[in-house]
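Undergrad: how would this look folded up:
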Amino acid sequence: MAAKVSSLIEASKGYDAAMRLPLSAKYDKPAYETLRKIRQQQAQILELMKLSMLQQQRATCAHAHDPQRLLVHEHRTFSQHGEDGIIAEIFRRIGTTNRVFVEFGAGNGLENNTVALLCRGFTGFWIEGGVEQAAAIRKN
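TA: Now for the predicted structure:
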């Protein structure tokens with residue numbers, strides 16, 4: 001799979017150079033905009049292919065499904081990248097005592113790593129330096 005993606009990326013380099021057309025009298029603006037959109041779509045497709053390749057490699061690793069690995073427990077409820085499941089698994093393994101959290105950079109209070117803990121009865125502190133985000137926390 002990696003070889004296929006690499007060869008597609010290499011092949012796209014020539015295509016990429018062909019797609020870089022100068023804006024001149026020879027090309028009208030609508031045609032240029034169409035080519036620019038095609039170029040953006042090509043870049044998005046290549047990124048998706050790279051991501052797909054990484055996900056496939058990750059899934060086929062011998063240890064990828066080992067229940068001892070925290071990444072196996074990724075689950076996104078309020079977090080951005082599956083930290084909710086990882087944090088829940090950590091507490092499942094080690095237990096809890098005082099059920100208090102502190103989060104630095106809490107964002108707007110709707111999407112961060114401790115909202116799920118708050119929903120499960122934890123108390124805590126959110127520290128946010130952004131004025132707009134802190135206002136959103138107070139509002140929500």
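
Undergrad: hey, let's count contacts and neighbours off CA atoms from now on
TA: Fine.

Undergrad: which phi and psi does the spatially most central residue of the chain have?
TA: In the chain, the centroid-proximal residue (C-alpha atoms, centre = their mean) is His81; its distance is 5.9 Å. Dihedral angles of His81 (phi, psi; degrees, to the nearest 10) stand at phi -130, psi 30.

Undergrad: Need the pLDDT of it.
TA: Note on His81: pLDDT of 83.

Undergrad: what do you get for Gln41?
TA: So, for Gln41, pLDDT stands at 87.

Undergrad: for whichever helix or strand Arg39 is part of, packing partners?
TA: Counting by DSSP states H and E, the element that carries Arg39 is helix 29-60. Counting contacts by 3 or more C-alpha pairs under 8 Å, 6 or more residues apart in numbering; DSSP states H and E, helix 29-60 is packed against helix 2-19.

Undergrad: So, low pLDDT: which residues of this structure?
TA: Along the chain, the parts satisfying pLDDT under 70 run over 1-28, 59-65.

Undergrad: domain ranges for it?
TA: The record's domain parsing of the chain by automatic domain parsing lists 2-60, 70-139.

Undergrad: Alright, I will stop here.
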